[in-house]
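Engineer: dropping a prediction and its sequence here:
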Amino acid sequence: MGYITTTDGTAIFYKDWGPRDAQPIVFHHGWPLSADDWDNQMMFFLQQGYRVIAHDRRGHGRSGQSDGGNEMDTYAADVAALVAALDLRDAIHVGHSTGGGEVARYVARAEPGRVAKAVLVDAVPPVMVKKESNPGGTPIEAFDGYRAALAANRAQLYIDIPAGPFYGFNRPGATVSQGLIDNWWRQGMMGSIKAQYECIKAFSETDFTEDLKAIDVPVLVIHSEDDQIVPYADSGPLSAQLLKNGTLRTYKDLPHGLCQTHPDVVNADLLAFIRGEPLSDDVVVRPAIPMNA
């Protein structure tokens with residue numbers, strides 16, 4: 001574990017475990033969490049012989065609570081600074097939710113040789129908010145509601161989200177894990193309310209269409225049809241279509257927080273993709289959309 005300092009003086013916390021000569025896997029967390037959200041995956045892939053790395057996004061977890069920079073360009077620049085400091089090459093970048101947007105923005109701009117593959121897990125690209133060019137998106141009023149609730153009572157909001165839609169604990173017959181709810185709350189409350197407030201705009205309104213089109217490396221897009229946070233129809237399939245070399249892995253009934261509720265399922269698919277092995281039969285491979293589309 002350690003810190004790097006960005007050009008604007010922000011300290012970025014990171015974990016870096018495993019052999020330094022092993023292929024690195026870099027994990028990018030969702031809003032409003034931290035590197036700790038990847039505990040299961042970090043331990044699993046460490047035991048598979050990989051070097052595993054995860055950082056706390058600025059304003060989140062143990063990283064510095066900068067006044068500015070709470071938007072995707074700076075998030076991606078912070079990742080680039082971490083990658084350069086650790087001199088990571090041929091890395092696999094895995095991002096969940098907001099972290100998937102961060103991955104798309106970083107990988108599209110990464111130096112040659114830095115990235116081998118990428119994975120977007122229930123991620124926000126291509127763009128979440130509803131607008132003329134994205135009629136199937138989520139209305140801006142939903143994100144305004146998050147902002148209002150965050151400003152009014154962050155502590156309660158950070159119970160309501162994991163206790164309900166994030167992990168699918170509001171579904172009939174769901175097995176509720178109080179530990180997951182408490183850990184989500186703990187991670188969220190570690191960060192800056194200002195950064196988390198501003199990050200809502202970053203994850204909901206940033207358009208990653210051109211980033212996805214620009215990515216050359218293989219990308220696995222994992223998304224569940226029962227995702228109540230990032231709706232499937234406006235995200236996973238559209239992202240896979242925009243990629244030059246994208247594979248869509250669709251789950252039917254898993255929640256947005258599937259990496260924690262069903263790590264055995266997700267880890268197996270991640271490992272197969274990283275190793276270049278076939279995934280299960282229900283994977284759908286989407287052809288790339290021409291660059292001039």
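Structural biologist: Perfect, thanks for sending it. Everything quoted here is computed from the prediction, not taken from an experiment.

Engineer: CA atoms for contacts and neighbours, from now on please.
Structural biologist: Fine.

Engineer: pairing partners for whichever strand or helix holds Ile4, with directions?
Structural biologist: Element membership for Ile4, per DSSP states H and E: strand 2-5. Here strand 2-5 is paired, per DSSP bridges, with strand 11-17 (antiparallel).

Engineer: how long is stretch 4-18 from one end to the other?
Structural biologist: Using CA to CA, to the nearest Å, the end-to-end distance of stretch 4-18 comes to 19 Å.

Engineer: check stretch 201-210 too.
Structural biologist: With CA to CA, one end of stretch 201-210 sits 18 Å from the other.

Engineer: quick one: contacts of it?
Structural biologist: 70-72, 98, 101, 104-105, 124-129, 143, 239, 242 (CA atoms under 8 Å, 6 or more residues apart in numbering).

Engineer: buried set for the strand holding Ile4?
Structural biologist: 3-5 (16 or more other CA atoms under 10 Å).

Engineer: picking up where we left off before, from the contacts of stretch 201-210, which land in helices?
Structural biologist: Counting by DSSP state H, these place 72, 98, 101, 104-105, 143, 239, 242 in helices.

Engineer: is it possible to get JSON lines of those that adds pLDDT and neighbour count?
Structural biologist: Converted to JSON lines, these look like this (pLDDT from 0 to 100; neighbours: other CA atoms under 10 Å):
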{"residue": "Met72", "pLDDT": "98", "neighbour count": "24"}
{"residue": "Thr98", "pLDDT": "98", "neighbour count": "27"}
{"residue": "Gly101", "pLDDT": "98", "neighbour count": "32"}
{"residue": "Ala104", "pLDDT": "98", "neighbour count": "33"}
{"residue": "Arg105", "pLDDT": "98", "neighbour count": "28"}
{"residue": "Phe143", "pLDDT": "98", "neighbour count": "18"}
{"residue": "Ser239", "pLDDT": "98", "neighbour count": "27"}
{"residue": "Leu242", "pLDDT": "98", "neighbour count": "25"}
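
Engineer: which among those gets closest to Ala174?
Structural biologist: For these, the closest approach to Ala174 (CA to CA) belongs to Thr98, at 24.8 Å.

Engineer: quick check, Val119 in a strand?
Structural biologist: Yes: under DSSP: H, G, I helix; E, B strand; the rest coil, Val119 sits within a strand.

Engineer: okay but it is in contact with Ala91, surely?
Structural biologist: No: contact between Val119 and Ala91 fails when scored by CA atoms under 8 Å: they sit 11.3 Å apart.

Engineer: more crowded one of those two?
Structural biologist: In terms of neighbours (other CA atoms under 10 Å), Val119 is the more surrounded of Val119 and Ala91; the figures are 25 against 20.

Engineer: quick one, what contacts the more buried one?
Structural biologist: With contact set as CA under 8 Å, 6+ apart, Val119 has these partners: 92-95, 100, 219-222, 270.

Engineer: on that earlier part again, centre of the chain versus the strand holding Ile4, how much separation?
Structural biologist: In terms of CA atoms, centre = their mean, to the nearest Å, the centre of strand 2-5 is set 21 Å apart from its chain centre.

Engineer: quick one: average pLDDT of that strand?
Structural biologist: Mean pLDDT, computed over strand 2-5, is 98.

Engineer: what's the answer for stretch 106-126, then?
Structural biologist: 98.

Engineer: can you give me the end-to-end distance of it?
Structural biologist: 14 Å.

Engineer: now that stretch: buried residues?
Structural biologist: Neighbour counts over stretch 106-126 (16+ other CA under 10 Å) mark 106-108, 110, 114-126 as buried.

Engineer: from what I can see Arg191 touches Gly61, true?
Structural biologist: That one is not Arg; residue 191 is Gly. Yes: at 4.9 Å, Gly191 counts as touching Gly61 under the criterion of CA under 8 Å.
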